[in-house]
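> I'll drop the sequence and a predicted model, then ask my questions.
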Amino acid sequence: MINTRRIIRIASAALLWSSATIGLATAQEITVWTLNFSNQQANEAMNKIASEFEAANPGTKVTIVTRGTDDHKTALRVAAGSDKGPDIYFSWAGLGLGGEYVKAGLSLPLDKYYTEYKWADGLVPSAVSFADLYPGGKHGVPYTFKGEALYYSKAAFEKAGITEEPKTYEELLAAAEKLKAAGIPAIAFGGKVNWHVMRLMDVILESKCGVEKHDQLMKMELKWSEEACATESFAEMDKWAKNYILTPFMGIDNNQAFNLFVAGRAAMMLEGDWLVGTLTSNNANLDDYSIFPFPTGTDRLYGFAEYYYVSTKSQHPDIAAKFLDYYLSTEVQQANLGQFSTTSVNKNVKYENLPEISEKWLKIFNDYGQVYMNGDQAFPLDVTTEYFRVINEVVSGNIPPEEAAKQLQTFIDSRAG
Amino acid sequence: MTSAALEAATDIGETRRRADPVLVGLWIALVLVALIWIAPFVFMIFTSLKTNEAVMATGAFHPPPEFAWQNYSAAWERGRFDTTFWNSAIIAAVKVPLGLIVSAMGAYALARMQIPWGKAMLVVVLFGTMIPFQVMLAPLFTLVNGFGLIDTYPGVILPYIAFGVPYQVFILHSFFKNVPKELSEAALIDGASHFTIFRRIFLPISIPALAALFILDFVATWNEFAMALVLLQNQNMWTLPLGLMAFQGQFSNDYGQLNAAIVMTVLPATIVYLMFQRYFVSGLTSGAVKE
Amino acid sequence: MQLKRSLEDARFQGAVLLGPAVLIYCVFALYPLFDVVVMSFQRWNGLDPERAFAGLDNYRFIFTSDPVFWIALKNTVIWTVMCLIFPPLLGLLLALGLNQHLFGRGVLRAVYYLPVIIASIAVATMWRWMYDPFFGLFSQIMTNLGMASSIPDWLGDRTIALYSVFVAHLWHSVGFSMVLFLAGLQSVSQTLVEAARIDGAGRWGLFRHVTLPALRPTVTVVLVLSVINSLKAFDIVYGLTGGGPAQSTQMLALWAFTQAMQIFDYGRGGAISVVLLLITCAIVVPYLRWTQRQEEAAR
């Protein structure tokens, strides 16, 4: 057996040598922390853009670091306050997510770059509006802008005798009934990922409460237990779960729900514009499907924005801004059209030869001027967790709708603030 | 029962023949259960060799209609396995033996030497096994960052050793305590230092335990994710589990590649197991204890 | 003269032997642990440079206003009891069986151990696919057997979800106990075994009077580690259900993690962790003392 002194020598040598692997930072190096997107093309496109930028700006180095969704959130949170974080980071723009970093002073206001690069002129207004969400200046630039609507299988609708896309909530319920009568489950959800079923709650809230009350409920300015429309919305969720959602759904995730949808086991899915890319990469025939916005009766689109923020700890904010400008430029956006999102955040991009379903998305984006966000982006994080829980309890048939509203309100009231 | 009748009929010398029916029955049971046990693996390997369409179209245990070897090469690239394999290998090769030696020395000291507050120390060490370290990630990051060790091998190895010490010391302490006192006392009287006793007597005796711990610790280190996620930010320093994140996009559906990646991750740990499991053969150490 | 020198030497030797372990452990494990305890009395979201003092607020919240804490506690207790019984028992049986000279026992040992090698997240991914109520393995088998209509929602039905997760955990962890028991079985003295056989001991007598006593330290180790690991159960629940449906499979360790690393309320996460630590101590420490007393009595 080796004697202890030799062990110590070997160990310290190993430690010294491995310390030497601390890389030397090059002069103008920036790191971008973002998600690993399902659409592999998006990841590859991002890397390509980074290389192109490096080539056009010698002496710079752009490293794109991707992680899984939750892992990205963890790593970012743990590193954000220290000197070890990224220069640019991805986040959803809503209060519960991107907003937290802004509030903690970790997002660099980009006003001077907005002026220098004229971003406000070249970007789609609804996409860039999220930069103004927070006081203290303009925070972040849009990475993508996403809308969510109801996808449906044309064959299923035909079989059930539905000839027109529903324009009101009542018509939607009637269509769901027809599907049920034809033996087709109306819609598929993955209950395991809480935010999937939550989408249905969000759109029903918009339908039942209207614009103002919906917003006030999400800002917790109104009490859920006192507003009739809140309890009504939970009751609707109960109705959908009992009659129209493909069961069992609580134990499967959104991917499994998607598999069921393309296998023809359900007629609809409430999904975002990225699903077009997912359908394509799963070799589904895009002509078999179409979309219509969830008929809420308001003139807002259900959607959210994903942003790139510049960290206040960045050593090279100018390079970071320049890189973002490169990403947002018309040539880059045109060249990578469809990789990141169906539509570009740059409004000067030209769309040609789009599949029919993408044309429909374009029209939707142009029709709607305003957006209401997904609940998990509007609420602070702990309220979101409770929101998920009561929604799940209702759709599992465990608690009655009034109870759900009450429990949510109790939780909101008990927060120290 | 057949065995009872045989027992009655035969005498001492026929022990081997008497045990046979039971052993055969045992063997059959073990093999049957093993087949069920290994089913998920079969499923995993089959899926790794199917294209995505085949995954959806065929049953789980249906052999792949054609072998999609490209899943492996695609997975290797997508998960940046060349880098992550290397990092994981280095970290494991340094951490596992080093951690075991550190723990074994500590366990020996606590079990066989008069250490002031030795018993209390053992309990404090055991404490370390009780907290789910996932909640310690933020303080750990701050600590390692304070040492300037983020994105370095020592920055990961030292916490790994720290979290390995508790259960290793605990297990080895219990093994060492059961070594008869006469063995070490004789050597002490002869003037041997504790180092020598440790090296010459205790280590050889505990080879089965050490082998078992080596395997378990290698696997734990090889698969560790949460600490690595937080302590290694530079992609070039990432370990294998971090590389697997490339297959976990929020809407990701590529099961073929994911399973190929998992198979490739599992292979080294399997090899380590096969290398070390022969130390479980009895006879290697029999007679050393409790004569 | 020689005695005095070896005494001083002993202290130095003790320091060298114990030093590295204690040092690394205290710095990199104990200190963060201590920090977590401190955090349980603070409010912090990970981003603010200051950590506000919150007294007992976090504890008060989790005990009185947290809708999930008691569910998590109940599940943790059920889970721990199951983990104390099944994996060690199965591990022991497998170790005993595979310690015999059987044909291909090396292969069989490898098969039973193999699941331990896979990372928990991978195990969770596999089993989630197998539990898919439409396309998954078990559902397919049931459909082939003509029982399609009674396919349960393995992971979505709250009455069975926890047990479905436990089965996956069992598959994943039995090899761990098996390996430890196999190592322990090697220290059973062969001469004692022969002596007992000559005295006419049957299989069961052999087990009770020779094997089991020799295994006592291993049993302690396996049970203690099983308790501790089960209380920390995390990866597999996270991967299979995330604590759902509607937090019905939530466990204390996972809930602590959720509070700290997903909701980013480190104070509450710390408080739940401290409660978990206290529970673990309350179970493990008395048990250890009891076994220590037993061992001393047996000498």
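Okay, I see it.
> Isn't residue C:152 up against residue C:160?
Yes: if you go by C-beta atoms under 8 Å, residue C:152 and residue C:160 touch, sitting 6.0 Å apart. C-beta here means a position set from N, CA and C on the backbone, and glycine is covered the same way.
> Could I get the contacting residues of residue A:314?
If you count contacts by C-beta atoms under 8 Å, 6 or more residues apart in numbering or on different chains, residue A:314 has them with A:30, A:86, A:87, A:88, A:108, A:320.
> Neighbour count says what about those residues? Which are buried?
Buried residues within these, defined by neighbour count using 16 or more other C-beta atoms under 10 Å in any protein chain shown: A:30, A:86, A:87, A:88, A:108, A:320.
> which other helices and strands contact the longest helix along chain A?
For chain A, the helix with the greatest residue count under DSSP state H is helix A:194-218. When contacts are defined as 3 or more C-beta pairs under 8 Å, 6 or more residues apart in numbering or on different chains; DSSP states H and E, helix A:194-218 sits against helix A:228-243, strand A:268-272, strand A:300-310, strand A:370-372, helix A:375-378, helix A:381-395.
> change it to 6 Å
Helices and strands touching helix A:194-218, by 3 or more C-beta pairs under 6 Å, 6 or more residues apart in numbering or on different chains; DSSP states H and E, are helix A:228-243, helix A:375-378, helix A:381-395.
> what comes up buried for that helix?
So for helix A:194-218, counting by 16+ other C-beta under 10 Å, buried means A:194-209, A:213-215, A:217-218.
> for that helix, what is the average pLDDT?
For helix A:194-218, mean pLDDT rounds to 93.
> Report the distance from that helix to the chain centre.
When distances are taken as C-alpha atoms, centre = their mean, to the nearest Å, helix A:194-218 is centred 16 Å away from the chain's centroid.
> Just want the angle from it to helix A:228-243.
Relative orientation of helix A:194-218 and helix A:228-243, computed by axes from the mean of the first three to the mean of the last three C-alpha atoms, to 10 degrees: 160 degrees.
> Residue C:282 - how many residues pack around it?
Residue C:282 has 10 neighbouring residues, counting by other C-beta atoms under 10 Å in any protein chain shown.
> what's the pLDDT at it?
In this prediction residue C:282 is given a pLDDT of 86.
> try residue A:117
92.
> isn't it right next to residue A:324, touching?
No: using C-beta atoms under 6 Å, residue A:117 is not in contact with residue A:324; the gap is 8.3 Å.
> and which of the contacts of residue A:314 is nearest residue C:282?
In terms of C-beta to C-beta, no member of these lies closer to residue C:282 than residue A:86, at 42.9 Å.
> My reading is that that closest one lies in a helix. Confirm?
No: Residue A:86 is assigned coil when assessed by DSSP: H, G, I helix; E, B strand; the rest coil, not a helix.
> nearest residue to it other than its sequence neighbours?
Excluding its sequence neighbours, the residue lying closest to residue A:86 (C-beta to C-beta, 6 or more residues apart in numbering or on different chains) is residue A:33, at 4.0 Å.
> Next, name the residue at the spatial heart of chain B.
Centroid-nearest residue in chain B, with C-alpha atoms, centre = their mean: residue B:216, separated by 1.7 Å.
> Can you tell me the element it falls in?
Assignment of secondary structure by DSSP states H and E places residue B:216 within helix B:207-223.
> same for that helix, what does it pack against?
Using 3+ C-beta pairs under 6 Å, 6+ apart: helix B:207-223 touches helix B:81-112, helix B:153-177, helix B:255-276, helix C:158-185.
> any idea of the pLDDT on residue 107?
Because you didn't say which chain, this covers chain A. Predicted confidence (pLDDT) for residue A:107: 91.
> The chain in question should be chain C.
Reading off the model, residue C:107 has pLDDT 85.
> Domain-wise, how is chain B divided?
Here the domain parsing of chain B from automatic domain parsing is B:3-74, B:79-288.
> For these, give me TSV that also has mean pLDDT.
TSV is the format used below for the domains of chain B (pLDDT from 0 to 100):
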stretch	mean pLDDT
domain B:3-74	74
domain B:79-288	82
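> Count the neighbours of whichever residue of the stretch 1-150 of chain B sits closest to chain C for me.
Chain C sits closest to residue B:106 of the stretch 1-150 of chain B, with a gap of 3.2 Å, by C-beta to the nearest C-beta. Residue B:106 has 27 neighbours, counted by other C-beta under 10 Å.
> and the residue of the stretch 301-417 of chain A nearest chain C?
residue A:392 (3.5 Å).
> How about the contacts made by that residue?
Contacts here follow C-beta atoms under 6 Å, 6 or more residues apart in numbering or on different chains; on that basis residue A:392 touches C:245, C:246.
> and residue A:148, backbone torsions?
Per-residue torsions, residue A:148: phi -130, psi 140 (degrees, to the nearest 10).
> go on, residue C:247?
Backbone torsions for residue C:247, taken as degrees, to the nearest 10, come to phi 60, psi 20.
> Please report the distance of it from chain A.
Distance of residue C:247 to chain A, given as C-beta to the nearest C-beta, to the nearest Å: 5 Å.
> Verify the stated contact: that residue with residue A:389.
Yes: using C-beta under 6 Å, residue C:247 is in contact with residue A:389, at 5.2 Å.
> next structured bit after the helix holding residue B:216?
Heading C-terminal from helix B:207-223, the first helix or strand you meet, by DSSP H and E, is helix B:226-231.
> List of residues touching whichever helix or strand comes after that next one?
Later in the chain than helix B:226-231, the nearest helix or strand by DSSP H and E is helix B:240-243. Around helix B:240-243, the neighbours that count as contacts under C-beta under 6 Å, 6+ apart are B:79, B:80, B:84, B:88, B:223, B:225, B:228, B:265, C:119.
> picking that back up, relative to helix A:381-395, how tilted is the longest helix of chain A?
110 degrees.
> quick one, what contacts the residue of the stretch 1-150 of chain B closest to chain C?
B:169, C:18, C:21.
> and what of residue C:117?
B:219, B:266, B:269.
> and residue A:163, helix, strand or coil?
Applying three-state DSSP: residue A:163 is coil.
> For it, give me phi and psi.
phi -100, psi -20.
> what helix or strand is residue C:264 on?
Element membership for residue C:264, per DSSP H and E: none, as it lies in no helix or strand.
> and the stretch 151-299 of chain C, which residues reach chain B?
Residues of the stretch 151-299 of chain C lying near chain B by C-beta under 6 Å from any C-beta of the partner chain: C:179, C:182-183, C:186-187, C:189-190, C:217, C:221, C:228, C:232, C:234, C:253, C:256-257, C:260, C:269, C:273, C:277, C:280.
> again with the stretch 1-150 of chain C
Residues of the stretch 1-150 of chain C lying near chain B (C-beta under 6 Å from any C-beta): C:13-14, C:17-18, C:20-21, C:24-25, C:28-29, C:32-33, C:35-36, C:46, C:97, C:102, C:108, C:111, C:117-119, C:122, C:126, C:137, C:140.
> in the longest helix along chain C, what's buried?
If you go by DSSP H, chain C has its longest helix at helix C:266-298. Within helix C:266-298, the residues that count as buried by 16+ other C-beta under 10 Å are C:266-277, C:279-280, C:283-284, C:288, C:291.
> Now neighbour count too, for the contacts of residue C:117, in CSV please.
Formatted as CSV, these follow (neighbours: other C-beta atoms under 10 Å in any protein chain shown):
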residue, neighbour count
B:219, 25
B:266, 22
B:269, 22
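> Just give me the closest of the residues you listed to chain C.
Nearest to chain C among the contacts of residue C:117, with distances taken as C-beta to the nearest C-beta, is residue B:269, at 4.2 Å.
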